[in-house]
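*Asks:* Fold the following.
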Amino acid sequence: MSKREARTYDKEFKLNAIKLCLDSGRSRRQIADELGIPISTLVEWVQSYTKSGLTAFPGKGNIKASDAELIKLRKELSIAREERDILKKALGIFSSIKK
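*Replies:* Residues are numbered from 1 along each chain as shown. Have a look, this model is predicted:
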């Protein structure tokens, strides 16, 4: 039994496939069959495009600007929580020394 390898498609191919879906009068199944891709893949591309527009396909290894900002903010929040916890421990230590 052989393993199926995941095929990758470039942004231009995806955008052309989406344009065919949105502009032509043909069904998504017909377009998927003509392009040789699974219908579920084509539907996923169309949904991503309608949700995010041209930023839907940033490329392999790249992330969207909004996702990059979210990652940055989560990292900053983690650091702030760590600093808060350290200060709480230090306050507990110093308050026990004065007694």
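*Asks:* just the helices in this protein please.
*Replies:* With DSSP state H as the criterion, the chain has helices at 11-23, 28-35, 39-52, 65-97.
*Asks:* Any chance of a markdown table for these, columns mean neighbour count and distance to residue 5?
*Replies:* Every C-beta, even on glycine, is put in place using the N, C-alpha and C of the backbone. Shown next, in a markdown table, are those (neighbours: other C-beta atoms under 10 Å; distance: least, C-beta to C-beta, whole Å):
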| stretch | mean neighbour count | distance to residue 5 |
| --- | --- | --- |
| helix 11-23 | 15 | 17 |
| helix 28-35 | 15 | 18 |
| helix 39-52 | 15 | 14 |
| helix 65-97 | 10 | 27 |
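*Asks:* Generate CSV for the ones you listed, with mean pLDDT as supplementary columns.
*Replies:* What follows is the helices of the chain, written out as CSV (pLDDT from 0 to 100):
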stretch, mean pLDDT
helix 11-23, 88
helix 28-35, 90
helix 39-52, 88
helix 65-97, 90
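*Asks:* How is this protein divided into domains?
*Replies:* Listed domain ranges for the chain are 8-62, 63-99 (source: automatic domain parsing).
*Asks:* ok, residue 31 touching residue 23?
*Replies:* No. Using C-beta atoms under 8 Å as the test, residue 31 is too far from residue 23 to be in contact (10.6 Å).
*Asks:* So residue 57 versus residue 74, what's the distance?
*Replies:* Applying C-beta to C-beta, to the nearest Å, the value for residue 57 to residue 74 is 23 Å.
*Asks:* Let me fix that, I meant to ask about residue 22.
*Replies:* Where residue 74 is concerned, residue 22 sits at a distance of 35 Å (C-beta to C-beta).
*Asks:* you'd agree residue 21 is up against residue 30?
*Replies:* No. Residue 21 lies out of contact with residue 30 (C-beta under 8 Å); the separation is 9.8 Å.
*Asks:* residues in contact with the residue lying closest to residue 45 once chain neighbours are set aside?
*Replies:* Residue nearest to residue 45 in three dimensions, not counting chain neighbours: residue 14, with 5.1 Å by C-beta to C-beta, 6 or more residues apart in numbering. Residues near residue 14 by C-beta atoms under 8 Å, 6 or more residues apart in numbering: 45, 49, 57.
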